[in-house]
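[1] Any chance you could fold what I've pasted below:
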Amino acid sequence: MSSILPCTESLKRKTTTNSSLSSSSSAERVRMSPGHHQYLCLNSEYMSLRDDLFRAIPQNPHLKPLDNYCQGVREGIRVGLDVAFINLAETLVNMGKILELSSDDVHEISAELLELEQMGYDCRKLWGRFDTVRTLLKEEKVARLKIEEFTSEKKDKQVKAALTQTWISGLESELNKLEAASKTLEEEIETLKLTEMSYIEERVRILQEFRSE
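    All right, here's what the predicted structure looks like:
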């Protein structure tokens, strides 16, 4: 990240203590143009943040679309554009914390970058950060979908395995019953064989006695 936005750490550090651009007791007054009495109050922490960011990403916007405006208005709009640039940089820095980027977000950020470029701001590093985040989010989404797919497939296989085990347990139970029944039949057959032999032996004995008489 630092190679894309060199002032990222400074931006993160300062924006945690200055989440808005409202004036405070430490506010500084920025003169809008020579000869005018209008002043724009900017928080001193914002001024420091702007200086840090513009040292890392030097800016010298031409503001050509504002050529028809007077100098005071041009400088006032320039301050607003600086604010927009810094807010956009902050948004791109914090974008690493989100998991999704909607099409509306992509359209809005792209539109802001294009409008700032039309005013002469150098947005190449911001575009680079934006493209990197979009690529990472797309890759993360693909990986998340694959994980969900694998998780779903694993659950399906676990259910099938449980059903198969239940079926096997049922077969084993039936097999045990059949084995018990088969053993009983074998025992009954052996009993019948013994009974038959006993009858045969008794008949032989009776015949032998009959013949001996």
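[2] show me where the protein has strands.
    28-31, 39-42 (DSSP state E).
[3] from the chain's centre, how far out does the lengthiest helix in the chain sit?
    The residue-count maximum for a helix in the chain (DSSP state H) belongs to helix 124-212. Offset of helix 124-212 from its chain centre (C-alpha atoms, centre = their mean, to the nearest Å): 40 Å.
[4] if we can go back for a sec, lowest-confidence stretch among the strands of the chain?
    Mean pLDDT values for those show the minimum at strand 28-31, a mean of 42.
[5] Any idea which helix or strand in this structure has the lowest mean pLDDT?
    Sorting the helices and strands of the chain by mean pLDDT, DSSP states H and E puts strand 28-31 at the bottom, at a mean of 42.
[6] okay, and for the protein, where does confidence drop off?
    Within the chain, the stretches with pLDDT under 70 are 1-42, 96-100, 213.
[7] From residue 118, how far off is residue 69?
    Noted for residue 69: a distance of 15 Å to residue 118, by C-beta to C-beta, to the nearest Å. (C-beta placed from N, C-alpha, C; glycine too.)
[8] no wait, residue 158
    Applying C-beta to C-beta to residue 158 and residue 118 gives a distance of 57 Å.
[9] In terms of packing, which of those two has more residues around it?
    residue 118 (13 against 10; other C-beta atoms under 10 Å).
[10] Quick check: the more buried one touching residue 66?
    No. Counting by C-beta atoms under 8 Å, residue 66 is not a contact partner of residue 118; they are 10.5 Å apart.
[11] Show the end-to-end separation of stretch 87-104, please.
    17 Å (C-alpha to C-alpha, to the nearest Å).
[12] if I pick the spatially closest residue to residue 121 that is not a sequence neighbour, what's in contact with it?
    Leaving out its chain neighbours, the residue that sits closest to residue 121 by C-beta to C-beta, 6 or more residues apart in numbering is residue 61, at 4.9 Å. By C-beta atoms under 8 Å, 6 or more residues apart in numbering, residue 61 lies in contact with 78, 81, 116, 119, 120, 121.
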